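**Student:** only geometry, no sequence info:
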């Protein structure tokens with residue numbers, strides 16, 4: 001099929017629906033500017049990861065894999081995830097999470 005047989009548009013191109021550079025920044029319900037870069041890894045993401053790991057572990061156990069192997073696999077995945085977060089965030093965010101977890105567990109929460 002040659003490109004000569006393809007239909008060609010005759011009118012002007014439709015307007016772009018992309019946000020332009022001069023558009024105002026996103027705002028909150030109260031009218032303040034929303035910080036779109038803050039909180040990339042929040043409690044919702046942690047909950048999703050927890051549910052994913054629990055589901056993966058249950059699925060592996062139900063498929064007949066030994067418990068020791070499942071723990072090794074999930075531990076390896078957690079180690080890779082922690083190393084990725086450390087490399088991406090310069091280590092500060094991971095250290096903050098680890099210290100906060102240690103303090104909360106020491107306080108009994």
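**Tutor:** Received the coordinates, thanks. Computed from a predicted model, the values in this text were never measured in an experiment.

**Student:** On the three-state scheme, residue 10 is what?
**Tutor:** Per DSSP: H, G, I helix; E, B strand; the rest coil, the secondary structure class of residue 10 is coil.

**Student:** Can you give me the neighbour number for it?
**Tutor:** Residue 10: 5 surrounding residues under other CB atoms under 10 Å. For glycine as for every other residue, the C-beta is placed from the backbone atoms N, C-alpha and C.

**Student:** pLDDT of the longest helix along the chain, averaged?
**Tutor:** Under DSSP state H, the helix in the chain containing the largest number of residues is helix 67-89. In this model, helix 67-89 has a mean pLDDT of 83.

**Student:** What helices and strands are in contact with it?
**Tutor:** Contacts defined by 3 or more CB pairs under 8 Å, 6 or more residues apart in numbering; DSSP states H and E place helix 67-89 against helix 43-62, helix 92-107.
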